[in-house]
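[1] Return a 3D structure for these sequence lines:
(one chain, ligands or ions: 1)
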Amino acid sequence: MNQDHRDARGPHPMSSTVSPPWSPALALSGASYSAAELSPEGDQVFLLEQRELPGVERYVTLGTAAEVAEGIRAMVVRGAPAIGIAAAYGMALAARAAQTEDAEGYLAAMRQAGAILDAARPTAVNLSWAVRRALALAASHAHQGGAERAEAMAALGRAIHRDDVEACRAMGRLGAAHMPDEGAVLTHCNAGALATGGYGTALGVIRAAIEAGKRIRVLADETRPYLQGARLTAWELQKDGVNVEVLADSMAGWLMQRGEIKAVVVGADRIARNGDVANKIGTYAVACLAKHHGIPFYVAAPWSTVDLATPDGSAIPIEERSSEEVAVIGGKRMMPEGVRARHPAFDVTPAALVTAIFTERGAAAPGEIARLAG
Ligand SMILES: CSC[C@@H](O)[C@@H](O)C(=O)COP(=O)(O)O
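    As a prediction, the model looks like this:
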């Protein structure tokens, strides 16, 4: 990422645009914005600068796989499916940059780009899933010419993007039937259009339920420390005219006790073979509360988030991010100098606390998720 992007909190008129290029995935999602796009020529990646939402809506322009990796690490783009799509587009940039006609040289360059992208964030399996798919394609077309390889890699990124929007729509239709006819549904973090190719997983379920005529209002946990709920979920639902209110994370238990919350639906970063679910830190606490109060707790995720190679949640790597992201809010330090904050960015909700998982392949009890592998 060049300096403009690394330091992307201020206005950088030379490096930013206000709208993404048109793409088939964007058209399919129905939104006016997109977390990640590849330019029509395949030479630039546009990321919606999510760290500046809800105040500023702009895109940073990236020209190399390493810049895309830095955008993922720094959370310019975030959300499991969206970082997988961004990584696939990063691999398209790498294929374009690999000018060599030598197949081995090309493969070495692609492996190197894949390793950089894969290392950007450890928990969401969609990232390594997308890199693996790109490397498999690279191995199959390494002997072709540079232009052909670059075109094929760009097409793969666009297909992964389009498929993700279609998966969101499919799981949305499925999950909508499980939503209450009316009342409040709680969600945690942002599992919406901003976290996916478009439409969203958990928010896709909510959108589909509302499109089907259900009178749902949304309670969005603010989701400390990055505030994905307050900043992102509230932003995208407000754009759609959905009734949304934000809760400080500590408020959900009280509202459940009062009977105000009818269901919980969240996304996932990785689902293990036994149905344990890694998702944004705080999800486990919400699931425990839901169990205690007899409230259904649903997870919506594309099949690319299901990791059958990981037997259970204890084997899922949990990202630890910087103390500063917890300690400093809006530029102000909220704890004494010299005191460190803990920052596990994800937690694991045991399968026993999950009512059902919705994927594009169908709905399943968490313990039966492997059945959908076909
Ligand atoms: C459809 S996205 C589901 C998850 O990726 C989402 O809930 C989440 O935990 C995102 O974490 P983030 O740290 O913002 O990348």
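
[2] so how many other residues sit close to G259?
    11 (other CB atoms under 10 Å). (Each C-beta comes from the backbone N, C-alpha and C, glycine too.)

[3] How about the contacts made by the closest residue to T17 other than its chain neighbours?
    Setting aside the residues directly before and after it, T17 is nearest to Y59 in space (CB to CB, 6 or more residues apart in numbering), at 4.8 Å. Applying CB atoms under 8 Å, 6 or more residues apart in numbering to Y59 gives the contacts 16-20, 37, 46-49.

[4] Write the PyMOL selection for whichever of these are buried.
    To isolate the buried ones among the contacts of Y59 in PyMOL, judged by 16 or more other CB atoms under 10 Å, type:
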select buried, resi 16+20+37+46+47+48+49
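
[5] Reformat the contacts of Y59 as JSON lines; add distance to A193 and pLDDT.
    Compiled in JSON lines, the contacts of Y59 are given as follows (distance: CB to CB, whole Å; pLDDT from 0 to 100):
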{"residue": "S16", "distance to A193": "20", "pLDDT": "67"}
{"residue": "T17", "distance to A193": "18", "pLDDT": "72"}
{"residue": "V18", "distance to A193": "17", "pLDDT": "75"}
{"residue": "S19", "distance to A193": "15", "pLDDT": "78"}
{"residue": "P20", "distance to A193": "12", "pLDDT": "77"}
{"residue": "E37", "distance to A193": "13", "pLDDT": "97"}
{"residue": "F46", "distance to A193": "15", "pLDDT": "97"}
{"residue": "L47", "distance to A193": "14", "pLDDT": "97"}
{"residue": "L48", "distance to A193": "10", "pLDDT": "97"}
{"residue": "E49", "distance to A193": "15", "pLDDT": "97"}
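
[6] Among the contacts of Y59, which are located in strands?
    16-17, 37, 46-48 (DSSP state E).

[7] could I get the contacts of Y59 as TSV with distance to the ligand?
    As requested, the contacts of Y59 are exported to TSV (distance: CB to the nearest ligand atom, whole Å):
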residue	distance to the ligand
S16	21
T17	23
V18	23
S19	23
P20	19
E37	17
F46	18
L47	13
L48	13
E49	14
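
[8] Can you get me the start-to-end distance on stretch 241-256?
    Distance across stretch 241-256, first residue to last, is 25 Å (CA to CA, to the nearest Å).

[9] and for that stretch, what are the contacting residues?
    184, 186, 206-207, 210, 216-224, 229-230, 233-234, 237-238, 261, 282, 285-286, 289-290, 292-293, 295.

[10] quick one: that stretch near the ligand?
    No - Stretch 241-256 is not in contact with the ligand by CB under 6 Å from any ligand atom; minimum separation 13.5 Å.

[11] quick one: buried residues of that stretch?
    By 16+ other CB under 10 Å, the buried positions in stretch 241-256 come out as 242, 244, 246-247, 249, 252-253, 255-256.

[12] Going along the chain, name the strands of the stretch 251-374 of the chain.
    261-266, 270-272, 277-280, 297-300, 306-307, 328-329, 332-333, 346-349, 356-359, 362-364 (DSSP state E, counting those that start in this stretch).

[13] Nearest to the ligand, out of these?
    Nearest to the ligand, of all the strands of the stretch 251-374 of the chain, is strand 277-280, at 3.3 Å by CB to the nearest ligand atom.
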